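> Here is my input; please provide its structure:
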Amino acid sequence: MNSRQLKTKVVIEQRTLSGSGQDDFLQRVATVYIDGEEYRVLAPAKAVGDPIEWLEHCCVRQPSTESFGSEIEAPRSYGILAIKIVKEELERLQRGTIKPVGMNNKDESYYHVRLHCLEAPQIEVKFDLRRAELEKRVLEPYRNRQPIVLGGRTIPVQNLERVEIFESQRQSSQFGEWTAELARQGTQDCFHGEPDVKNVTDELITTPSVAALPQKPDAIELLCFRFHTVAEQLRHRHDNRSTLNVNDEYDVQDLLHALLRIYFDDVRPEEWTPSYAGKSSRMDFLLPEEELVVEVKKTRLGLGAKELGSELIEDIARYRVHPNCKRLICFVYDPEGRVANPRGIERDLSRTSNGFEVKVIITPRG
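Okay, the predicted model is just below:
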């Protein structure tokens, strides 16, 4: 097989293997895309150290189309090609073509800004800002609630839906063929194939405008990521006073509802969804101004990875036809760790298609 005739892309997942505590839990070294098909290069559970030294012991699998969350062995020829592509990429990284993020002076970094606006055009992107430029043109105006001027366009802060800032050690001209275009289109994981690009939004925008923040859907993601910490903190009250113990899905809904009120004035619980497959059901929370729905789940006995995947797929299909839902956040609270491969489920189901965006978040992150 001649790899030069195929369109390929590789994402290195781990530069150092640390081993897995479960003998049957393989470690993903990389994800390779060959003509649009996904191939996962997996190292043995006990593998530690440099993944290059383990490549001859790796296997290559593909997501199964028959059963959600499962994998099948890749055809031998594609497996050999995937391993070859991963080896070449790891060797390139080792030669220092790309320096690991965090090893360089921040003044040497390049910053890539993407503004999500409430008015058309809805995406404004500026690549290759140095730190001083970033501070002057984006961070300082945002903190002071002043207009941001980017790409010749003046954007008032109140017209911002959210801000994203990415850091890399390379200029955008060195990115892959489609990366810059995907960023301009607003694609959620546009930098997924660039191993040195890091999302530093939370590090740099630490005191966002109070006026702008309630309009930012990423505030919901922050609440989801911090949810477990809040739930644990509630259990430690003065003099052992009574509190909210998050034991089931209703408890998760009640606590998240209270947290959403911090940022959003209009939170409507349990709105009816349109009929789907002959039946209708209730959604957990509708934020009409943001055209956003938050669906809440808590894993339990009988709701593991397989059942969870099936429910999420059905939810996504149902909300896709809801007239007031342009973005769906599926929040899954899994404090007992019942989902064996949470990041895999997140990657498989989070996507944007025909103006409908789905984000699956499973916490705690572990």
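> which residues of the stretch 101-250 of the chain fall in helices?
Secondary structure of the stretch 101-250 of the chain by DSSP state H, counting those that start in this stretch: the helices cover 131-134, 140-143, 179-185, 201-204, 218-234, 249-263.
> Including mean neighbour count, could the ones you listed go into CSV?
The way it works is simple: take the backbone N, C-alpha and C, and place the C-beta from them, glycine included. Formatted as CSV, the helices of the stretch 101-250 of the chain follow (neighbours: other Cβ atoms under 10 Å):
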stretch, mean neighbour count
helix 131-134, 15
helix 140-143, 17
helix 179-185, 16
helix 201-204, 14
helix 218-234, 17
helix 249-263, 16
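> What count of nearby residues applies to the residue lying closest to L256 once chain neighbours are set aside?
Using Cβ to Cβ, 6 or more residues apart in numbering and skipping residues adjacent in sequence, the residue nearest L256 is V296, 6.0 Å away. A count of neighbours around V296, defined by other Cβ atoms under 10 Å, yields 22.
> So what touches the particular helix or strand that has V296 in it?
Assigned by DSSP states H and E, V296 belongs to strand 292-298. With contact meaning Cβ atoms under 8 Å, 6 or more residues apart in numbering, strand 292-298 is reached by 217, 220, 246, 248-249, 251-253, 256, 260, 283-287, 303, 308, 311-312, 315, 319, 322, 325-334.
> can you rerun that using 6 Å?
For strand 292-298, the external contacting residues (Cβ atoms under 6 Å, 6 or more residues apart in numbering) are 217, 249, 252-253, 256, 283-286, 315, 319, 325, 327-333.
> got it, and stretch 333-352?
Residues contacting stretch 333-352 (Cβ under 6 Å, 6+ apart): Q188, V252, K298, T299, G304, A305, L312, V358, K359, V360, I362.
> Would you mind naming the residues that bridge with the third one?
Same thing as K298. Beta-bridge partners for K298, by DSSP bridges, are Y333.
> quick one: pLDDT of H57?
H57 carries a pLDDT value of 92.
> neighbours around it, how many?
11.
> Phi and psi next, for it.
phi -100, psi 0 (degrees, to the nearest 10).
> OK, contacts around it?
With contact set as Cβ under 6 Å, 6+ apart, H57 has these partners: P44.
> Roughly how far does it sit from Q27?
Taking Cβ to Cβ, to the nearest Å as the measure, H57 falls 11 Å from Q27.
> Look up the residues that both of the two are in contact with.
Jointly contacting H57 and Q27 under the rule Cβ under 6 Å, 6+ apart is no residue at all.
> Would you check how far apart Q27 and S18 are?
Distance of Q27 to S18, given as Cβ to Cβ: 8 Å.
> if you count what's nearby, which of those two comes out ahead?
Remark: of Q27 and S18, Q27 carries more neighbours, 21 against 9, as counted by other Cβ under 10 Å.
> what are the phi and psi angles of the nearest residue to that one once chain neighbours are set aside?
For Q27, ignoring the flanking residues on the chain, the nearest one in space by Cβ to Cβ, 6+ apart is A43 at 4.6 Å. As for A43, its main-chain torsions (degrees, to the nearest 10) stand at phi -100, psi 160.
> State which helix of this protein is the longest.
helix 76-94 (DSSP state H).
> Could you list every helix and strand in contact with it?
Under the contact criterion of 3 or more Cβ pairs under 6 Å, 6 or more residues apart in numbering; DSSP states H and E, helix 76-94 touches strand 8-12, strand 27-34, strand 37-43.
> That helix vs strand 8-12, what angle?
Helix 76-94 and strand 8-12 meet at an angle of 60 degrees, taking axes from the mean of the first three to the mean of the last three Cα atoms, to 10 degrees as the criterion.
> excluding its backbone neighbours, what's nearest F127?
F127's closest residue in space is S172 (Cβ to Cβ, 6+ apart), at 3.9 Å.
> Likewise for E71?
According to Cβ to Cβ, 6+ apart, the nearest residue to E71 is R61 (4.0 Å).
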